[in-house]
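Chemist: Quick one, fold the following:
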Amino acid sequence: MVRIPGTQQRLSVTGEPKTPATIDEYIALQPREVQAILRRIRTTIRKAAPDATEAISYRMPSFVLNGHLVYFGAFKNHIGLYPPVRDEALRRETSGYEGEKGNLRFPLDEPIPYELIAKIVKVRVQENNKRLEARRKSRAG
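Modeler: Predicted coordinates:
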């Protein structure tokens, strides 16, 4: 393993970044000043979706409940939150954080909007539940 300069992230013997197996491992690989932010985002998501399970997907922390709810990841200057927000009212609230392809970027030099993250997760839980119910109805009908 080789350490990537400026981070706790390590490379495998092939030169690829090591894929963490858990969210704890992911957080531990990040710079110390970002770790507390990631832990609080994780706690925020857990409170907003207490029945969700944790996973690593696309080398990022993810929460799953009737499908993926959200992914989040640390980058050099921001925290990314995925997937894009679909709810129209919520899109207006998140417009100041929109990054490429509608994903959200929370700059590290600004306060992280934890309440907004919780609101996003709760809406995603509702969306996933509606999608599951629609699938059940289409199979039954």
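Chemist: need the helices for the protein, in chain order.
Modeler: Assigned by DSSP state H, the chain shows helices spanning 23-28, 32-48, 88-94, 114-140.
Chemist: Could I get the buried residue list for the first one?
Modeler: Taking 16 or more other CB atoms under 10 Å as the neighbour-count basis, helix 23-28 is seen to contain the buried residues Ile23, Tyr26, Ile27. Every residue, glycine included, has its C-beta placed from N, CA and C.
Chemist: what residue ranges in the protein score low on pLDDT?
Modeler: The model of the chain has pLDDT under 70 over residues 1-16, 141.
Chemist: Dump the buried residues of helix 23-28 into a markdown table; add distance to Arg42 as well.
Modeler: Output for those, formatted as a markdown table (distance: CB to CB, whole Å):
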| residue | distance to Arg42 |
| --- | --- |
| Ile23 | 6 |
| Tyr26 | 9 |
| Ile27 | 7 |
